[in-house]
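*Asks:* Quick one, what's the 3D model for this:
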Amino acid sequence: MANLILIGPPGAGKSSVATWIEELTGRERVSLDDRAHRHHSSKVPGYETSALDPRKVPFMTAYRTWKPFEIISVENHLRTVDNHVIDFGAGHSVYEDRAQFERVAAAVHGHHVALLLPDRDIERSRRIYIEMHPRQDPEWIKFIDHVLNNPSNGSLANVIVAREAKTAKEVAMEVLACFPTWFSQHQ
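*Replies:* Residues are numbered from 1 along each chain as shown. Model prediction:
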């Protein structure tokens, strides 16, 4: 049986929506941001020496260093959990390197993947992020632009759901409506 996976930029509501889907379906929620590095990546050779502190190096440098470990986390989680609602961290679905992207695409193949965005229009989404997030430093804006403009999210997603002015519960219901067979198995 497949998992229901939520992907998207930081602050798109992945965790809140996943919590509502868990509540509505009774399926367990897994957050890769909560468990990813501790559970899977920390066991991979080289992880300890690669865990750059974004307070000491530019954030994008640290972010790119984590990518191989995020891939391992995605692959391992999708091999070990089934029939769950999984919210990926913002970086778990965004890859610059084609080989890395292909590994993640292979891992999510057969699962139900919803991309959450504040707005269907990328420029409006960008403005929303910049206005709502307290970290408006250049590195943060560079990261937001990277996540919003990278084609990985759109390529991995089966559906795109715009948050707009909806509550997390309303978005959860919209996501579930996009995957009626997954939802009906839990009623």
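
*Asks:* And the strands in this protein?
*Replies:* Assigned by DSSP state E, the strands in the chain fall at 4-7, 29-31, 85-87, 112-117, 159-162.

*Asks:* With respect to E96, which of the ones you listed lies nearest?
*Replies:* Distance to E96, taken as CB to CB, is lowest for strand 4-7 among the strands of the chain, at 16.0 Å. All C-beta atoms are positioned from the backbone trio N, CA, C, and that covers glycine.

*Asks:* Comparing the strands of the chain, which yields the minimum mean pLDDT?
*Replies:* Note on those: strand 29-31 shows the lowest mean pLDDT, a mean of 92.

*Asks:* Buried ones in the longest helix along the chain, by neighbour count?
*Replies:* The longest helix of the chain (DSSP state H) is helix 59-80. Buried residues in helix 59-80, defined by neighbour count with 16 or more other CB atoms under 10 Å: 59, 62-63, 66-78.

*Asks:* In this structure, where is pLDDT below threshold?
*Replies:* Counting by pLDDT under 70, the ranges of the chain that qualify are 35-57, 133-136, 185-187.

*Asks:* ok, back up a step: dump the strands of the chain into a markdown table; add mean neighbour count and distance to K169 as well.
*Replies:* As requested, the strands of the chain are arranged in a markdown table below (neighbours: other CB atoms under 10 Å; distance: least, CB to CB, whole Å):
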| stretch | mean neighbour count | distance to K169 |
| --- | --- | --- |
| strand 4-7 | 28 | 14 |
| strand 29-31 | 20 | 14 |
| strand 85-87 | 28 | 14 |
| strand 112-117 | 24 | 14 |
| strand 159-162 | 18 | 13 |
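
*Asks:* what's the closest of those to I21?
*Replies:* Shortest distance between I21 and the strands of the chain, using CB to CB, is found for strand 85-87: 4.5 Å.

*Asks:* burial of the closest residue to N149 other than its chain neighbours, as a residue count?
*Replies:* Nearest residue to N149 in three dimensions, chain neighbours excluded: I122, at 7.0 Å (CB to CB, 6 or more residues apart in numbering). If you count neighbours by other CB atoms under 10 Å, I122 ends up with 15.

*Asks:* can you tell me how far I122 sits from L115?
*Replies:* 12 Å (CB to CB, to the nearest Å).

*Asks:* what do you get for K67?
*Replies:* 19 Å.

*Asks:* And I130, by the same measure?
*Replies:* Taken as CB to CB, the span from I130 to L115 is 20 Å.

*Asks:* What helices and strands are in contact with the longest helix of the chain?
*Replies:* Applying 3 or more CB pairs under 8 Å, 6 or more residues apart in numbering; DSSP states H and E, we find helix 59-80 packed against helix 32-39, helix 47-50, helix 98-108, helix 138-149.

*Asks:* Let me see the contact set for R64.
*Replies:* Neighbour list for R64: E96 [criterion: CB atoms under 8 Å, 6 or more residues apart in numbering].
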